[in-house]
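Make a model of this:
(one chain, ligands or ions: 1)
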Amino acid sequence: MPYKRSRITIDRWRSVQRLELEFWSRWTTLPPFQNLDIPKYWRQEVAHFGEAWGCFRGLRVLDVGCGPVGLIHFADHAAERIRVDSLLPQYREKLTLGGRQLSLSAMAESLPLAARSIDLVVCYNALDHMWDPEAALDEMARVLRPGGAALLMVHTFPAGLRPLFWIDRMHPHHYTAPSFSLMVRSRLQVERCKTVKRHFELPAGKWWIPSSWKYRVGGLVVSSTYLRATKAA
Ligand SMILES: C[S@@+](CC[C@H](N)C(=O)[O-])C[C@H]1O[C@@H](n2cnc3c(N)ncnc32)[C@H](O)[C@@H]1O
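Residues are numbered from 1 along each chain as shown. Just a heads-up that it's a prediction; the model follows:
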């Protein structure tokens, strides 16, 4: 799929945000997440970026689009943790952060943070839910210090499924692994890009439940692309 800038209308983005809230109000009841060991999950996900869990130690870490139980909540070895999410005040389940921390209910497209002030940016499964992913990437590049790193993940799809993307209401933007990498490459130096087929763990015996079907189909077509990029020193 050729790379093409996509920005949705603010009304469409608000409708995605409503779906987002609805998802997070019941996510622990959905088949793949019922028995999820969240700290273990985040350790495994960080490994996909080619990083050790210790990579946050001593750093000022920013998680953009952190959600209620995002990675930042578990990186308690960071020197300072900053979480940003447009829905932060609305999340009921949100975990607390100890130590030096900052919680910002803000748009990723306009981060209320100083330029070159962040050592490491995380944006996991969030860019493709945003109003203007490229503006958000510009902001992440702006706040990163020279030599700082970004760990970015989006779900990616085969280009041939393009006519069906509209069905997937929670992702207003869709990327293939190459189009995602191209988008990041114009702002940061891509050091590592890895794509793995998404595996949704479904509880045995629950395959017939309608809420499982979506994840069974997802397991056939959805991948996750993990990209580690740095800002030129
Ligand atoms: C699929 S959730 C991922 C949450 C978290 N990163 C995780 O993986 O658990 C996407 C998150 O991005 C947030 N988000 C979407 N658009 C945003 C924007 N323009 N600015 C800040 N956050 C945004 C949503 O509110 C939501 O919490």
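
From here on, just use CA atoms for contacts and neighbour counts.
Noted.

quick check: longest helix of this protein.
helix 10-26 (DSSP state H).

Go through the helix or strand following that helix and flag the buried ones.
Per DSSP states H and E, helix 10-26 leads on to helix 38-48 as the next helix or strand towards the C-terminus. By neighbour count, with 16 or more other CA atoms under 10 Å as the criterion, the buried positions of helix 38-48 are Trp42, Arg43, Glu45, Val46, His48.

Leaving out chain neighbours, which residue sits closest to the fourth one?
The one in question is Val46. Nearest residue to Val46 in three dimensions, chain neighbours excluded: Trp53, at 6.4 Å (CA to CA, 6 or more residues apart in numbering).

residues near that neighbour, how many?
Summarising burial for Trp53: neighbours were counted as other CA atoms under 10 Å, giving 15.

Hmm, Leu227 is touching Val196, no?
No. Leu227 is not in contact with Val196 according to CA atoms under 8 Å; the separation is 11.5 Å.

ok, the nearest residue to His129 once chain neighbours are set aside - contacts?
For His129, the nearest residue in space outside its immediate sequence neighbours is His171; the separation is 5.3 Å by CA to CA, 6+ apart. Contacts were defined as CA atoms under 8 Å, 6 or more residues apart in numbering; by that measure His171 touches Val16, Asp128, His129.

Equivalent analysis for Leu87, please.
Gln17, Leu21, Gly67, Ser105.

What is the nearest of the residues you listed to the ligand?
Comparing those against the ligand with CA to the nearest ligand atom picks out Gly67 as the nearest, at 3.5 Å.

could you measure Pro39 against the ligand, distance?
Pro39 is 12 Å from the ligand, where distance means CA to the nearest ligand atom, to the nearest Å.

which residue packs closest to that residue, ignoring adjacent ones?
Distances taken as CA to CA, 6+ apart place Phe74 nearest to Pro39, at 6.6 Å, with adjacent residues excluded.

Tell me, how many residues neighbour that neighbour?
Neighbour number of Phe74 under other CA under 10 Å is 19.

so it makes contact with Tyr41?
No. At 10.5 Å, Phe74 does not count as touching Tyr41 under the criterion of CA under 8 Å.

For this protein, what lies in contact range of the ligand?
For the chain, the contact set with the ligand under CA under 6 Å from any ligand atom comprises 17, 65-67, 69-70, 85-87, 106-109, 124-126, 129-131.

Please state the backbone phi and psi of Pro146?
Phi and psi for Pro146, reported as degrees, to the nearest 10, are phi -60, psi 130.

Excluding residues flanking it in the chain, which one is nearest it?
Computed as CA to CA, 6+ apart, the closest residue to Pro146 that is not its neighbour in sequence is Ala233, at 4.3 Å.
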